[in-house]
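[1] Provide a 3D model corresponding to the input given below.
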Amino acid sequence: MAPFPRIPKWIIVAFFITALIGFIDASFLAIEHYRGVVPPCSIISGCEKVTTSSYAEVFGIPLALFGAIYYFALLVLIIAYFDLKKAKILKIAALVTPIGFLASLYFVYLQVFIIKAICLYCMISAAASITLFVLGIIILRAAKRDA
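    Residues are numbered from 1 along each chain as shown. Below is the predicted model of the structure:
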């Protein structure tokens, strides 16, 4: 399988950069969690309430760590695509994005309606997940056209 000829390179670069931003953001939150430090929030004051809520962990593992793993997996797939130029790898990366999108929708719901506080870093991750989902749709539509 060759690279998708109809996908502009900037889409793939944007996918990589967005996954990198998400990885840095989620990794920062995970590190702060394990350090026992509440991340500083200068614009919105809800970081402490969100990151220390009962919803911030699953089985004692911070959600941010799951996010970091998700973004890292996408980074690995995109780097593999850049190296191997196999369309199937890019398609797999695009097919993974609904996981982050749906998780982000749920986490934003929790922040707004249940916890009633907003974590800026969590919203950055949500924005990254939503952007990756949209880019994933663009990639999959191009794959369908080229099939």
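
[2] How about the contacts made by the residue sitting nearest the centre point of the chain?
    By C-alpha atoms, centre = their mean, the mean C-alpha position of the chain lies nearest to residue 129, the distance being 3.9 Å. Residue 129 sits next to 22, 97, 100, 101, 103, 104 when contact means C-beta atoms under 8 Å, 6 or more residues apart in numbering. (C-beta placed from N, C-alpha, C; glycine too.)

[3] which ones are touching the fourth one?
    Counting by C-beta under 8 Å, 6+ apart, residue 101 touches 129, 130, 132, 133.

[4] can you pull the buried residues of the strand or helix carrying the second one?
    Put plainly, it is residue 130. If you go by DSSP states H and E, residue 130 is part of helix 120-146. Of the residues in helix 120-146, 120-133, 135-136, 138-140, 142-143 count as buried by neighbour count, 16 or more other C-beta atoms under 10 Å.

[5] Could you tell me the average pLDDT over that helix, please?
    Confidence over helix 120-146, taken as the mean pLDDT, stands at 94.

[6] Same question for stretch 99-114.
    Averaged across stretch 99-114, pLDDT comes to 98.

[7] same deal with stretch 53-68?
    On average, the pLDDT along stretch 53-68 is 97.

[8] Can you give the contact residues for it?
    Contacts for stretch 53-68 (C-beta under 8 Å, 6+ apart): 22-23, 25-30, 33-34, 50, 100, 103, 107, 110, 114-115, 125.

[9] buried subset of these?
    Buried subset of these (neighbour count, 16+ other C-beta under 10 Å): 22-23, 25-30, 33, 50, 100, 103, 107, 110, 115, 125.

[10] so of these, which ones are in helices?
    22-23, 25-30, 33, 50, 100, 103, 107, 125 (DSSP state H).

[11] okay if I get the contacts of residue 129 as CSV plus distance to residue 9?
    As requested, the contacts of residue 129 are exported to CSV (distance: C-beta to C-beta, whole Å):
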residue, distance to residue 9
22, 20
97, 19
100, 23
101, 23
103, 28
104, 26
